[in-house]
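1. let me see the structure of the following:
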Amino acid sequence: MQWRVGLEAYEVNAAHGYYDEEHAAPQPFIFTVWATLTGNERIEALDDTLNYADIQVAVDEVMFNSEKPIRLMEEMAQQIVDLLAQHAGVASLIVRIEKPEAPLPHPGGLPVIEVVWHRE
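-> Numbers count the residues shown, from 1 in each chain. Reported below is the predicted structural model:
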């Protein structure tokens, strides 16, 4: 048996982005994070898992407490991985970030990045 814990479609409004004008006002970022846990035994205590609230706290920490605007979503995802990978019970992570109001040359499409991390 393999356990996965996730938080899907968590929307955060923050002033991050590559272009300086994106730092003037918050815009939405939508996070979906999945963690695969180590071990396959029965989980009967919160200390034996990754609480999905911990995922939300990690996203909030990155998005709201950075000293300066984060220019790339890849860096956002890496910072979230860095925080969640501190939990010994996490074997792998998938972090997906959508940026529905990203500046694009013309209307259409949903900008998104996704990273998959595995404990070595």
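
2. just give the number of residues close to the closest residue to A24 other than its chain neighbours.
-> Nearest non-adjacent residue to A24, counting by Cβ to Cβ, 6 or more residues apart in numbering: A15, 6.8 Å away. The C-beta positions use only the backbone N, C-alpha and C, and glycine is treated the same way. Using other Cβ atoms under 10 Å, A15 is surrounded by 13 other residues.

3. L46 - how many residues pack around it?
-> Neighbour tally, L46, other Cβ under 10 Å: 10.

4. the residue nearest to A24: what's it in contact with?
-> Contact analysis of A15 by Cβ atoms under 8 Å, 6 or more residues apart in numbering lists E22, H23, A24, A25, P26, Q27, P69.

5. let's have those in a markdown table, adding secondary structure, distance to E114 and pLDDT.
-> Shown next, in a markdown table, are the contacts of A15 (DSSP: H, G, I helix; E, B strand; the rest coil; distance: Cβ to Cβ, whole Å; pLDDT from 0 to 100):
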| residue | secondary structure | distance to E114 | pLDDT |
| --- | --- | --- | --- |
| E22 | helix | 21 | 93 |
| H23 | helix | 24 | 96 |
| A24 | coil | 27 | 95 |
| A25 | coil | 26 | 96 |
| P26 | coil | 23 | 97 |
| Q27 | strand | 19 | 97 |
| P69 | coil | 21 | 97 |
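
6. return a ChimeraX selection command for the buried portion of these.
-> Command for ChimeraX, covering only those of the contacts of A15 found buried under the criterion 16 or more other Cβ atoms under 10 Å:
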select :22,23,27
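
7. which of the contacts of A15 sits closest to G6?
-> Q27 (23.6 Å; Cβ to Cβ).
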